[in-house]
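Visitor: Here is a sequence together with a model predicted from it:
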Amino acid sequence: MIDKVKAKVEALLFTASRPLSIKTIAKIINESEENVKLAIEELIKEYSSNPSKAIDILETPEGYEMIVKPEYREYASKVSSFSDLSSGALKTLALIIFKNPIKQSEIVQIQGNRAYDYIKLLERKGLIISKKVGKTKILLPSENLEKYFGMKVEEIKKQIEQYIK
């Protein structure tokens, strides 16, 4: 029984262009949320414990998604941008990583009002953390960011510095 549920969940996560919540998956495959959660937990164990798999399943605030393991991303990027972030969102993220911490108001001064949308997206994806301070927010990279990119924030910052040069 659970193997069929697992197969359905795996198919959905593989083809989805965005993270999917347990509730959404359960509704699509007509299963209980409990069975979907169990299936996802088993899939996560299977993918993370098998070094021959190039895929991981990541939990974000938006839901679950399949990602390419960091050591295989250079190959995947040759046929797909594999990034679900726009160039504007990536620029916002680079500012947050580079200036860590940074005020939201500073990013808006640099990027304009579109920055608010980019910041909301990055928060939804769990890539940044925001803390309310007075009339603005302080933005910081999250632990999820390191999982998403497969490297420490300091390594990402070094790559940004090299790109700037």
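Guide: Yep, that arrived.

Visitor: How is the protein divided into domains?
Guide: Under the assignment automatic domain parsing, the domains of the chain span 2-76, 87-164.

Visitor: okay, those domains in CSV with mean neighbour count and mean pLDDT next?
Guide: C-beta coordinates here come from the backbone N, C-alpha and C atoms, glycine included. Listed next are these as CSV, based on neighbours: other Cβ atoms under 10 Å; pLDDT from 0 to 100:
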stretch, mean neighbour count, mean pLDDT
domain 2-76, 15, 87
domain 87-164, 16, 85
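
Visitor: Which strands or helices does the longest helix anywhere in the chain pack on?
Guide: The single longest helix within the chain, with elements called by DSSP state H, is helix 33-49. Counting contacts by 3 or more Cβ pairs under 8 Å, 6 or more residues apart in numbering; DSSP states H and E, helix 33-49 packs against helix 2-15, helix 22-29, strand 55-60.

Visitor: can you give me the angle the first one makes with helix 33-49?
Guide: It stands for helix 2-15. Computed with axes from the mean of the first three to the mean of the last three Cα atoms, to 10 degrees, the direction of helix 2-15 lies at 70 degrees from that of helix 33-49.

Visitor: Now do helix 2-15: everything it contacts.
Guide: 20, 25, 28-29, 31, 35-36, 38-40, 42-43, 57, 64-66 (Cβ atoms under 8 Å, 6 or more residues apart in numbering).

Visitor: likewise stretch 116-126?
Guide: Stretch 116-126 is contacted from outside by 19, 60-62, 85-86, 88-89, 91-93, 96, 104, 107-108, 111, 128-130, 137, 139, 142, 144-145, 148, using Cβ under 8 Å, 6+ apart.

Visitor: From residue 33, how far off is residue 66?
Guide: Between residue 66 and residue 33 the computed distance is 20 Å (Cβ to Cβ, to the nearest Å).

Visitor: Got phi/psi on residue 130?
Guide: phi -120, psi 140 (degrees, to the nearest 10).

Visitor: Not counting its neighbours along the chain, what's nearest it?
Guide: Sequence neighbours aside, residue 137 is the residue nearest to residue 130 in space, at 4.2 Å (criterion: Cβ to Cβ, 6 or more residues apart in numbering).
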